[in-house]
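Novice: what's the 3D shape of this:
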Amino acid sequence: NQSAVVDQQKDLVTFSVTSPANQTSTVLFDVKHGLICYKPVEQESCFLRKMEQSDYDNVHSLLHESTHKQSHFQLSGNETRRQTEFLGVLADGQVDASTLEEPLQALCQDSSIHWTRRVEGPGKQRLVYFCIDICFPSNICVSVCFYYLPE
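Specialist: Numbers count the residues shown, from 1 in each chain. Model (predicted):
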């Protein structure tokens, strides 16, 4: 189950993804600053990565379909395309929260913040830590899986 809140003025799309166990992860697309922030359920961590063209394409329809300045969408997962993305958490990529813009600071308050980078699958020796599924109105669902890269 997931919903999205769109704030056109600030160029933000915030997804709330609720698991069957009723736990919610948050994924914030900060289009203005070109960043995505993942805040998983019950973790004192946030994970950042720079947006790529496909990310802009995925959230573009939400940002421009909303007729009001701020709108709330309930999204269904009747996707036609599903893709899996692997993000490696960079061991030395700790981020100081004070260097981030306001929406990211608020989301990641009292959390450790790490940079991630897209990688080609988890590799044999790497432990997949957790995954978050996000479905976009364009019927594309993306499963984002995180794991720690060796130091």
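
Novice: tell me the secondary structure at Val59.
Specialist: helix (DSSP: H, G, I helix; E, B strand; the rest coil).

Novice: which ones are touching it?
Specialist: Taking Cβ atoms under 8 Å, 6 or more residues apart in numbering as the contact definition, Val59 lies against 13, 29, 31, 136. In this view, the C-beta of every residue, glycine as well, is placed from N, C-alpha and C.

Novice: from what I see, Val27 and Val41 are in contact.
Specialist: No. Under the criterion of Cβ atoms under 8 Å, Val27 is not in contact with Val41, lying 11.6 Å apart.

Novice: neighbour-wise, which of these two wins?
Specialist: Val27 (23 against 15; other Cβ atoms under 10 Å).

Novice: listing request: residues of the protein with sub-threshold pLDDT.
Specialist: 66-70, 72-81, 121-128, 149-151 (pLDDT under 70).

Novice: thinking again about what came up before, which of the contacts of Val59 sits closest to Asp92?
Specialist: Phe29 (25.2 Å; Cβ to Cβ).

Novice: wait, isn't the closest one in contact with Ile36?
Specialist: Yes. Contact criterion Cβ under 8 Å: Phe29 and Ile36 qualify, at 5.5 Å.

Novice: what touches both of the two?
Specialist: Among the neighbours of Phe29, those also in contact with Ile36 (Cβ under 8 Å, 6+ apart) are 51, 55.

Novice: does Lys10 belong to a helix, a strand or coil?
Specialist: coil.

Novice: likewise for Gln105?
Specialist: helix.

Novice: now it, nearest residue through space, not along the chain?
Specialist: Ala97 (5.5 Å; Cβ to Cβ, 6 or more residues apart in numbering).

Novice: show me the contacts for that neighbour.
Specialist: Contacts for Ala97 (Cβ under 8 Å, 6+ apart) come out as 104-105, 108-109, 111, 113.

Novice: phi first, then psi, for it.
Specialist: phi -60, psi -30 (degrees, to the nearest 10).

Novice: ok, it to Pro103 distance?
Specialist: Look at Ala97 and Pro103: by Cβ to Cβ, to the nearest Å, they are 12 Å apart.
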